[in-house]
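# quick one: sequence and predicted model below, then my questions.
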Amino acid sequence: MKKNNLKTLLTLCFAAIITTTACAQEHKKNQNRLKEIENAISNTVLLNNQDNIIPIKGLAQKRFVSVNLGYENQVAFDSLLNKYADVKLADGRMYKDSTTYNDLEDNLKFYNTVVIALNDKMALNGKNINFISSLSKSKQVIVALFGHGSSLASFDNLSMPLIWTSSSNNESAMVAPQIIFGGIGASQTLTKAHSPKYTIGSGYKTTATRLKYTVPEDADVNSDDLKEIDNIILDGIKQKAAPGMEVLVAKDGKVIYNKAFGYHTYANTMPDKLSDIFDLASVTKITATTPSVMRLVEQGKLNLDTNIGYYIAKARNTPMNNIHVREVMLHQAGFIPYIPFHNFVKEGDYSRDSSAAYPTKVADNYYIKKGFFNDFMWPKMLNSPIKTRGSYVYSDISMYVMQDIVEHLTQEPLDKYTQENFYTPLGMYRTGFLPRNRFSKDEIIPTEDDQAFRKTLLEGYVHDQGAALKGGVAGHAGLFGSANDLAIYYQMLLNQGTYGGEQYFTPQTVQTFTSKQSNVSRRGLGFDRWDPDLTKKYPSELASPQTFGHTGYTGIGVWVDPARNMVYIFLSNRVNPTVTEVLGRLNIRPRIEDVINKAIDKGKK
């Protein structure tokens, strides 16, 4: 079995097809494309869905593979599948000269859900149908069939879900996966009989449950009104705000803009790709720690108005003991902003090789001694002075504390808990802590060339020094992820806690945590928010008062504007090769947000 590299797959035709460009009259082109998309949807019928397999639910229990038997639009088809889940690729063309696909079937033993795309000619090949029939005895098979309806007769004796469309082009190849995963609802039935089984009126209807990937015009946004995003970013890269940047915009549950610019570094050897993974810095706070807190509050295991010492035994004889969890989540606990732990590392505390004495990897060729966090860092935080209780002072220490509370209550490490409870079931397979354990360096955007502390270019190791010394898993930093994954998570919040047919939070929980909860700041619980001081123009001049999200030190920004039903993701590595303030000085993130806001508001008129 041949597995294609996802980082190549996800940047192929799909990116070129649906992202805006700086070309003039993009609006007219995308109006025509929208007609093609709508035509493809209107010609697509979902059959054999009596067991409600489609749209797919329960991603955490699925192990997906897409088998390429030679369908001509396979690349477009697979690119969309991989927007929703980690769908591995098996190249069945290697077995085209064999009389059977027995060897191929054996190679699929570790997968429980198989997706196969066929054109009408391929459906008339008995070898293909026998293969599908054999697979369906032990696995969930889903077939996408493209072409003349007469080929439906080949499936009269089979009962797996079947998505059929009379056309066989790139548009249809990108619509079918979205119906499979619920990005698009199925709404059509057969208008004529094609076989004894597939008669007039056959077909099942579904509703959309996940993000749709389309053109801006599908959400009443003019593509030409988004062109300024390209100009802002290209100018920012030229002025060295960051080597590369990526922007994703979702409106009304539809991804209408997603484009990567620039390169991994200023060496300009590796272009940024839509599948690239970024160091999310403080966006970790609201994408890992805060949802864990939300879940525990919902379960009644965590009370925001209980003191820290109730949950953390080590805190009981420290200044932190009587601080309430709510104060911690609001950054009103009185903690000092941060402690530069890397400045306390001395000779003998670290090694260039791993060993029992130096087990914790901080970066390539850098290992910290055993117990450095538990014996030095954690006690130093617990015993740090409480100076500003009741006032808003943003502090990384707050999320070290919340991580420890979460881990006590869940009895799991934060990285494992978030992966199991959020990222895997949501389909965020390119998000998580410690990305070098799962991905190659080429798939991860490098951050700082850290010659002061770790003496190396940071590739897949968290930029934040404290999080690094903790081993890469921290409540305030350490999460890595892609723009598409972040869009999934924040769309779930915009949906008031549901996504893909599953409920992650109640609407009340989402509303409570994301709305203004402080009498002394703009903050929600964990979440940053729109600033009522209009002179600050934060997060942007035109952002609505309902806007919530967060920024990250590495050059990240995620904002959800419920008033506009919009999710805005901005990713960059502005700390490469060293920290620079150009991104902030040029106001790149807020300027892009207002281009989006203006385009959406104009479309409403």
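Arrived safely, thanks for sending.
# residue contacts, the residue in the chain sticking out farthest from the centre?
Distance from the C-alpha centroid of the chain peaks at residue 196, with 43.6 Å (C-alpha atoms, centre = their mean). With contact set as C-beta atoms under 8 Å, 6 or more residues apart in numbering, residue 196 has these partners: 153, 156. Using the backbone N, CA and C atoms, a C-beta is placed for each residue, glycine as well.
# wait, a helix at it?
No - assignment of residue 196 by DSSP: H, G, I helix; E, B strand; the rest coil gives coil, placing it outside any helix.
# can you check the pLDDT for the residue nearest to residue 573 when sequence neighbours are not counted?
Leaving aside its sequence neighbours, residue 573 sits nearest to residue 445 (C-beta to C-beta, 6 or more residues apart in numbering; 4.9 Å). On pLDDT, residue 445 comes in at 98.
# burial count for residue 445?
30 (other C-beta atoms under 10 Å).
# please give me every residue in contact with it.
Residue 445 makes contacts with 244, 264, 272, 276, 277, 278, 279, 571, 573, 576, as judged by C-beta under 8 Å, 6+ apart.
# then residue 597?
Neighbour list for residue 597: 540, 542, 543, 561, 564, 566 [criterion: C-beta under 8 Å, 6+ apart].
# look up how far residue 243 lies from the residue nearest to residue 573.
The spacing between residue 445 and residue 243, counted by C-beta to C-beta, to the nearest Å, is 8 Å.
# does the most centrally placed residue in the chain belong to a helix, a strand or coil?
Closest residue to the average C-alpha location of the chain: residue 485 at 0.8 Å, with C-alpha atoms, centre = their mean. Following three-state DSSP, residue 485 is assigned to helix.
# that one and residue 524, how far apart?
From residue 485 over to residue 524 (counting by C-beta to C-beta), the distance is 22 Å.
# ok, the closest residue to residue 159 other than its chain neighbours - contacts?
Setting aside the residues directly before and after it, residue 159 is nearest to residue 48 in space (C-beta to C-beta, 6+ apart), at 5.6 Å. By C-beta under 8 Å, 6+ apart, residue 48 lies in contact with 155, 158, 159, 160, 161, 162.
# helices of the stretch 1-150 of the chain, residue ranges please.
Assigned by DSSP state H, counting those that start in this stretch, the helices in the stretch 1-150 of the chain fall at 6-9, 13-18, 26-42, 74-81, 102-106, 120-123, 126-135.
# which of the ones you listed is buried the deepest?
Among these, helix 74-81 has the highest mean neighbour count (mean count of other C-beta atoms under 10 Å), at a mean of 23.
# distance from the chain centre to that helix, please.
18 Å (C-alpha atoms, centre = their mean, to the nearest Å).
# tell me what that helix is packed against?
Contact analysis of helix 74-81 by 3 or more C-beta pairs under 8 Å, 6 or more residues apart in numbering; DSSP states H and E lists helix 6-9, helix 13-18, strand 64-68, strand 87-91, strand 113-119, helix 170-181 as its packing neighbours.
# now the shortest one: average pLDDT?
Helix 6-9 shows a mean pLDDT of 44.
# before we move on, back to that, thought the residue nearest to the centre of the chain was touching residue 431?
Yes - counting by C-beta atoms under 8 Å, residue 485 does reach residue 431; the two are 4.2 Å apart.
# find residues that contact each of the two.
Joint contacts of residue 485 and residue 431 (C-beta under 8 Å, 6+ apart) are residue 423.
# beta-bridge partners for residue 246, please?
On the basis of DSSP bridges, residue 246 is bridged to residue 260, residue 571.
# how close does it sit to residue 203?
Residue 246 sits 38 Å away from residue 203, going by C-beta to C-beta.
# same check, this time on residue 109
Taken as C-beta to C-beta, the span from residue 109 to residue 203 is 33 Å.
# so those two - more neighbours on which side?
Neighbours were tallied for residue 109 and for residue 203 using other C-beta under 10 Å; the higher tally belongs to residue 203 (19 against 9).
# phi first, then psi, for that one.
With angles defined as degrees, to the nearest 10, residue 203 sits at phi 140, psi 150.
# now for the closest residue to it other than its chain neighbours: which residues touch it?
Nearest non-adjacent residue to residue 203, counting by C-beta to C-beta, 6+ apart: residue 189, 3.4 Å away. Counting by C-beta under 8 Å, 6+ apart, residue 189 makes contact with 45, 200, 201, 202, 203.
# how about a markdown table for these, with distance to residue 369 and pLDDT added?
Listed next are the contacts of residue 189 as a markdown table, based on distance: C-beta to C-beta, whole Å; pLDDT from 0 to 100:
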| residue | distance to residue 369 | pLDDT |
| --- | --- | --- |
| 45 | 63 | 98 |
| 200 | 74 | 97 |
| 201 | 71 | 97 |
| 202 | 67 | 97 |
| 203 | 64 | 98 |
